[in-house]
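[1] My questions concern the predicted model and sequence given below.
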Amino acid sequence: MSSKPADSDPRLPAPIHFRRWSIAARLTTLYAGSTAIVLLLAAAYLYWGLAQSLDREDRALVTGKLQVLRLMLREHHDNPAMLAGEIEHEASANELLKYYLRILDLQGKVLMETEGMSTLLPVLAFPPPAPAAAPPVVVPRSLPDGRTYLMVAAETPAGDAGAERRLVHVALDVDHNAVLLADYRVKIAIALAAGVALAALSGAFVARTGLRPVRDIAHAARRISASHLDERVVPAEWPAELRELAAAFDAMLDRLEGSFNRLSEFSADLAHAMRNPIHNLRGESEVALQRARTVDEYRTVLASSLEEFDRLARMIDGLLFIARADDPRRAIERSRVPVRRELDAVREFYEALAAEHHVTVVCEGDATLDGDPMLVRRAISNLLGNALKHTPAGGRVTLTTRTLADGTVQIAVADTGSGIPAEHLPRIFDRFYQVDKTSAAPIKGAGLGLAIVHSIMRLHGGTATARSELTRGTTITLNFSVSPSPAFDQIAKYRP
């Protein structure tokens, strides 16, 4: 028959683990416990010091009385009245210190003693007498009546010449010390309990006061929602550790707010961008189904639908690329990329389109960078295709590459088109953003080309900048840094 331990019985309450306590409870307990330990050690030291002090004083009193008797025996041996006054009356007259004196001859006959001493302290209760030349030894002894005494017995010369010898007994009742120490222990226990209680109360107050900023952070966190991402924790007058925590919390909120805003904008832009192709497809299909059509008419509708499908496919391809570029789980593959070779390859690919638009495309310079050749080619292709769309007949597009003094590889695509207004330049790399959004625009796109270029540069740890003048053209510059950023090794690999 086996039995389970008591703490495994589900009917019993679960044990309270210290690690599950709140920080305030932990601090209060630790503060009260440490205070109790300090007070206990201090009280123990004071108690020990008091006991030692009382014992030293009592021993000094016994030794002092012995010295007084020795002196009186030498100087007043022939004055029994004076000795009797010291021994029989003065010792018994002190109510606070009960000490007893006795003088014997060498045969053990009692010559004089404190009144009642024979009953309380018989001669045999004392230790053997110490020789006159030896230092006296004070011995504590407990008698059958339960009382404790400090005793000393010594041989001493009597008379001026010291011809005679006497035995001296001195005893001190030290039970008053036990009463004093017992009272002191009670007072110490009361003081210790009061000190621990006050330490617990003050510890709870200090912990709650010190943790108030943490509660403020919790309150601020509870106020945050999708509609209140602008809430912040203000670490104005907080301790340095909590200021750092609050600053990190606010930085996290900034990132969340930025991501949420980008997601909201992306959703709105995506819905807007896909609405037109879908409406066009639906409208054309509805018109085609209103009545019977000829084969050529159906072919025309299908060709138009195919263009819209192609636009949707390009849009989805761009969105997939950007989504993969935002995935920080893998790394792209790098190799040495001859930039001039990529420029020439892209120029040859767009040569027919450039001839159709009567635009001249030229390549200049040479450089080599560390990167993904397919991604670099796609960035250049997007820029050249965008430049050809906005460069009028007779214009010119120049593809230039060079290596700067700091080792940065620069690729620039400059056209002689109509240019971009200054208010649009900060947003041209945003996804779905289009400078000309009117339906009268000669060339419609999804607004993802420059966003893809921006993602490619972010993958390589570089930057993309734009400079434009109205009626004079636009220049897009790609800067590939010498030392790629950590994102270079963290962003997902993509192959178009």
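    Sure, I can see it.
[2] Would you map the strands across this protein?
    For the chain, the strands defined by DSSP state E occupy 99-104, 110-113, 139-142, 148-158, 164-173, 335-338, 360-364, 368-371, 396-403, 409-415, 463-469, 473-480.
[3] Identify whichever of those strands lies nearest to residue 242.
    strand 463-469 (36.0 Å; C-beta to C-beta). For glycine as for every other residue, the C-beta is placed from the backbone atoms N, C-alpha and C.
[4] got the CA coordinates for that closest one in CSV?
    Output of strand 463-469 as CSV, limited to C-alpha atoms (Å, rounded to 0.1, in the frame of the first residue of the first chain):
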residue,chain,number,x,y,z
THR,A,463,19.9,53.5,-48.7
ALA,A,464,17.9,54.9,-51.6
THR,A,465,17.5,58.6,-52.1
ALA,A,466,15.7,60.8,-54.7
ARG,A,467,16.5,64.2,-56.1
SER,A,468,14.3,65.9,-58.7
GLU,A,469,13.6,69.2,-60.4
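[5] Show me what counts as buried in it.
    464, 468 (16 or more other C-beta atoms under 10 Å).
[6] which residues are in contact with stretch 122-129?
    With contact meaning C-beta atoms under 8 Å, 6 or more residues apart in numbering, stretch 122-129 is reached by 102, 104, 108, 110, 137, 139, 141, 143, 151-155, 167-169, 171.
[7] what's the answer for stretch 168-180, then?
    Contacts to stretch 168-180, defined as C-beta under 8 Å, 6+ apart, come from residues 51, 54-55, 58, 61-62, 65-66, 69-70, 73, 96-104, 113, 117, 121, 123, 126, 129, 140, 147-156.
[8] so how far is residue 226 from residue 80?
    110 Å (C-beta to C-beta, to the nearest Å).
[9] Tell me which of these two has more neighbours.
    residue 80 (13 against 8; other C-beta atoms under 10 Å).
[10] ok, the nearest residue to the more buried one once chain neighbours are set aside - contacts?
    Spatial nearest neighbour of residue 80, excluding adjacent residues (C-beta to C-beta, 6 or more residues apart in numbering): residue 112 at 7.5 Å. By C-beta under 8 Å, 6+ apart, residue 112 lies in contact with 80, 83-84, 87-88, 102-103.
[11] Which pLDDT value goes with residue 112?
    Listed pLDDT for residue 112 reads 86.
[12] Which stretches in this protein count as helices?
    For the chain, the helices defined by DSSP state H occupy 23-75, 80-84, 91-93, 117-120, 175-210, 212-223, 240-289, 295-325, 339-349, 351-357, 373-389, 449-459.
[13] Tell me which of these sits nearest to residue 481.
    Short answer: helix 449-459, nearest of the helices of the chain by C-beta to C-beta, at 9.8 Å.
[14] Could you report the pLDDT at residue 219?
    For residue 219, the pLDDT comes out at 77.
[15] show me where pLDDT drops low in the stretch 301-450 of the chain?
    Applying pLDDT under 70 to the stretch 301-450 of the chain flags residues 318-332, 432-433, 435-447.
[16] could you redo the last one with a cut-off of 50?
    438-443 (pLDDT under 50).
[17] ok, and what's touching stretch 65-80?
    Identification of contacts with stretch 65-80 by C-beta under 8 Å, 6+ apart yields 82-83, 86-87, 99, 101, 103, 112, 136, 152, 154, 156-160, 162, 164, 166, 168, 170, 172.
[18] how close does the spatially closest residue to residue 142 that is not a sequence neighbour get to residue 302?
    Leaving aside its sequence neighbours, residue 142 sits nearest to residue 148 (C-beta to C-beta, 6+ apart; 4.8 Å). Relative to residue 302, residue 148 is positioned 120 Å away (C-beta to C-beta).
[19] For the residue lying farthest from the centre of the chain, give me phi and psi.
    For the chain, the largest distance from the centre (C-alpha atoms, centre = their mean) belongs to residue 78, which lies 87.9 Å off. Per-residue torsions, residue 78: phi -90, psi 10 (degrees, to the nearest 10).
[20] Per the annotation, how does this structure divide into domains?
    The record's domain parsing of the chain by automatic domain parsing lists 25-181, 224-325, 329-489.
[21] now the first one: how far from the chain's centre is it?
    Translated: domain 25-181. 63 Å (C-alpha atoms, centre = their mean, to the nearest Å).
[22] which of the contacts of stretch 168-180 count as buried?
    Buried members of the contacts of stretch 168-180, scored by 16+ other C-beta under 10 Å, are 54, 58, 61-62, 65-66, 69-70, 73, 98-104, 113, 117, 121, 123, 126, 129, 149-156.
[23] Tell me the one among the contacts of residue 112 nearest to residue 27.
    residue 102 (63.6 Å).
[24] For that closest one, which residues are in contact?
    Going by C-beta under 8 Å, 6+ apart, residue 102 touches 87, 110, 112-114, 117, 121, 123, 168-170.
[25] For those residues, give me CSV that also has distance to residue 474.
    Compiled in CSV, the contacts of residue 102 are given as follows (distance: C-beta to C-beta, whole Å):
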residue, distance to residue 474
87, 124
110, 130
112, 129
113, 126
114, 122
117, 123
121, 119
123, 125
168, 122
169, 121
170, 116
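[26] Residue 407: which of the residues you listed is nearest?
    residue 170 (100.8 Å).
[27] Report the separation between the closest one and residue 133.
    18 Å.
[28] Same list (the helices of the chain) but as CSV, adding distance to residue 397.
    CSV is the format used below for the helices of the chain (distance: least, C-beta to C-beta, whole Å):
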stretch, distance to residue 397
helix 23-75, 65
helix 80-84, 134
helix 91-93, 126
helix 117-120, 126
helix 175-210, 66
helix 212-223, 53
helix 240-289, 26
helix 295-325, 21
helix 339-349, 9
helix 351-357, 7
helix 373-389, 5
helix 449-459, 15
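[29] Looking at those helices, which is nearest to residue 425?
    Short answer: helix 449-459, nearest of the helices of the chain by C-beta to C-beta, at 11.0 Å.
[30] circling back to that earlier point, now distance to residue 186 too, for the strands of the chain, in a markdown table please.
    Shown next, in a markdown table, are those (distance: least, C-beta to C-beta, whole Å):
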| stretch | distance to residue 186 |
| --- | --- |
| strand 99-104 | 27 |
| strand 110-113 | 37 |
| strand 139-142 | 23 |
| strand 148-158 | 20 |
| strand 164-173 | 22 |
| strand 335-338 | 87 |
| strand 360-364 | 100 |
| strand 368-371 | 83 |
| strand 396-403 | 89 |
| strand 409-415 | 87 |
| strand 463-469 | 80 |
| strand 473-480 | 83 |
